[in-house]
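Asks: Here is a sequence together with a model predicted from it:
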Amino acid sequence: MSKLPIGQRLIVAVFACLIDSAFTFGFNLVLIPNMKQPITDWLKTMHSNVDDKPITTSAGILGYTVNPPLIRLLHAFIFIGSSIGGLLSIRMAKKVGRKGGLLMTSFISAFAALFAGYSKFFESSLLLFIGCFLIGIKIGISSSLGPLYLMEISPNKIRVRVTGLFSLFVTVGVLASFFICKYIGNKDYWPLVFSLNVIPAVIQLLILPSCPESPKYLSVIKGKELEAKNALKWLRGDNYNEEEINELRAELYQRRALGVLTLKDIVNNDVLLHALLISTMISDSSDRVSLQENGRSFERVKFKYLGMILMSQIKLRKFRKIAICKTVLPEKEKMKCISSSKV
C-alpha cells in the first residue's frame, strides 16, 4: 500500500472505511423491508404448530400471530443492536481507536452474515434473530466511527466533502439492497442476501490494516506525536506540513489543561451549547424525515429548515427557548412557542 502514489493513498483509506461502514449501513437498513414477504413466509413455516394448531389467532406466540409481529420483532432487533452499538462506539473510539474499531466491526459483520445466512439451512429462526442483532451492533458502531475516521484523516480543505461521502455511500447501499432483493430476495435465496454482508467485511479487512490510524487519535488521545506525524506523512506525502501537527499538539495541550468535558461544562459554555443545540435539532429532524411511514412529513421537515435558519440568524438565548419548547411541549404547540420567542 505504501507504494501507491500519494494522492491515491487517501482515496484507498477512504474507500476502505466506507465500503463496510456506510455501504453496509444502507444495505442492511432496508434489507428486511425489501424481503418482508419471503422472510414472513419462512417464519410462518418455522412456527406453524403450537398444540398442533396453525398460528393464525391470538393463541400464537406470546399471544400474537406470526404475521406481522415476528417480522417486526426481527426489524426491531436491528435497531436494538444499533442502539447498543452506538453506546459501545464511544468507548471503542478511545480504547482501540477509529481504525481498530472499524476492523472489529468487520468481524461482527462476518459473524452476522454467517448466522443469518445459515438460518434457513439449519432451520433455526434463532440464528436469524442473532444475525440481525449483530447487524444492528455493527451499524451502530460503524455509523459513529466511520465519519469520525474520515474526518480525522482528511485535509482541512476537503474535509467536509470527504465526510459527506458517508451519506452518499449509505444511499448507494440502499439502492444496491433494493436491486439485489428484487432479483434474488425470494423464498429460495433470501439467506444469500444476508450472506453478502461478508463481501464488504472481507474487502475492509484486506485494505484497512495497511492504512494508518487517525492522526488525531494517535496525538490527542494517545499522546503519540511521532506516530501521528508518520500517519500524516503517509496520507499527505509531499503536501505534508507542520501546521496540522501543530494543531494536534495545541489540541493535546488544551485537552490536558481542560480535562474531559462533562455535560455541565457544555451547558455552561455558550459556544458549545450553541453547537450542541444546532446539531441536536438537525439530527433529530433528519431522523424524522427518514421515517415517514406515519404520514406526518411536514411536522418532521419543518425542524430541518428551522435548524438551518437558526444556524445563521438566531441568537443564543432563543436557542434555549426553542430547546425547552421542543422538549416539553406537544407537537402542535411547538411552532407557536418558537414563533412567540423574540430575538
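Replies: Done, it's in. Numbering: from 1, shown residues only.
Asks: Excluding chain neighbours, give the residue nearest to residue 103 in space.
Replies: residue 208 (6.0 Å; C-beta to C-beta, 6 or more residues apart in numbering). Using the backbone N, CA and C atoms, a C-beta is placed for each residue, glycine as well.
Asks: Pull the number of nearby residues for the one you found.
Replies: Using other C-beta atoms under 10 Å, residue 208 is surrounded by 22 other residues.
Asks: what comes up buried for whichever strand or helix holds residue 151?
Replies: Counting by DSSP states H and E, the element that carries residue 151 is helix 125-153. For helix 125-153, the buried set under the neighbour-count rule, 16 or more other C-beta atoms under 10 Å, comprises 125, 127-153.
Asks: Could you do stretch 242-251 as well?
Replies: 244, 245, 248, 249.
Asks: try stretch 195-208
Replies: So, applying 16+ other C-beta under 10 Å, buried residues of stretch 195-208: 195-205, 207-208.
Asks: Pick the one among those closest to residue 81.
Replies: The closest of the buried residues of stretch 195-208 to residue 81 turns out to be residue 197 (C-beta to C-beta; 13.4 Å).
Asks: what sits against that closest one?
Replies: By C-beta atoms under 8 Å, 6 or more residues apart in numbering, residue 197 lies in contact with 24, 27, 28, 109, 110, 112, 113, 116, 135.
Asks: Might one say that the first one is in contact with residue 140?
Replies: When you say that, I think you mean residue 24. No. In this structure, residue 24 is not within contact of residue 140 by C-beta atoms under 8 Å, at 11.9 Å.
Asks: Please identify the helix or strand for residue 188.
Replies: Short version, using DSSP H and E: residue 188 is in no helix or strand.
Asks: Would you mind measuring from residue 244 to residue 29?
Replies: 34 Å (C-beta to C-beta, to the nearest Å).
Asks: cool, residue 111 as well?
Replies: 19 Å.
Asks: now do residue 106
Replies: Counting by C-beta to C-beta, the gap from residue 106 to residue 29 is 18 Å.
Asks: quick one, which of these two is more surrounded?
Replies: residue 106 (26 against 21).
Asks: and the more buried one, what helix or strand is that in?
Replies: Using DSSP H and E, residue 106 falls in helix 97-117.
Asks: Residue 232 now?
Replies: helix 225-236.
Asks: Show me the shaky parts of the stretch 1-150 of the chain.
Replies: Residues of the stretch 1-150 of the chain meeting the criterion pLDDT under 70: 1-7, 48-69.
Asks: Can you pull the phi/psi pair for the residue lying closest to residue 35 once chain neighbours are set aside?
Replies: Excluding the flanking residues, the one nearest residue 35 by C-beta to C-beta, 6+ apart is residue 185, at 4.3 Å. Backbone torsions for residue 185, taken as degrees, to the nearest 10, come to phi -90, psi 50.
Asks: what about residue 185, how many neighbours?
Replies: So residue 185, with other C-beta under 10 Å, has 23 neighbours.
Asks: close enough to count as contact, it and residue 193?
Replies: Yes. In this structure, residue 185 is within contact of residue 193 by C-beta under 8 Å, at 5.2 Å.
Asks: which residues do those two both contact?
Replies: By C-beta under 8 Å, 6+ apart, the residues touching both residue 185 and residue 193 are residue 35.
Asks: And the helix holding residue 106, what's buried?
Replies: Applying 16+ other C-beta under 10 Å to helix 97-117 flags 97-106, 108-117 as buried.
Asks: so how far is residue 224 from residue 87?
Replies: 27 Å.
Asks: before we move on, the earlier item: pick out the most distant pair among the contacts of residue 197.
Replies: Every pair of the contacts of residue 197 checked by C-beta to C-beta; the farthest is 27 and 110, at 14.4 Å.
Asks: so which strand or helix has residue 123?
Replies: Going by DSSP H and E, residue 123 is not part of any helix or strand.
Asks: Using the record, which stretches count as separate domains in the protein?
Replies: 6-211, 219-258, 261-343 (automatic domain parsing).
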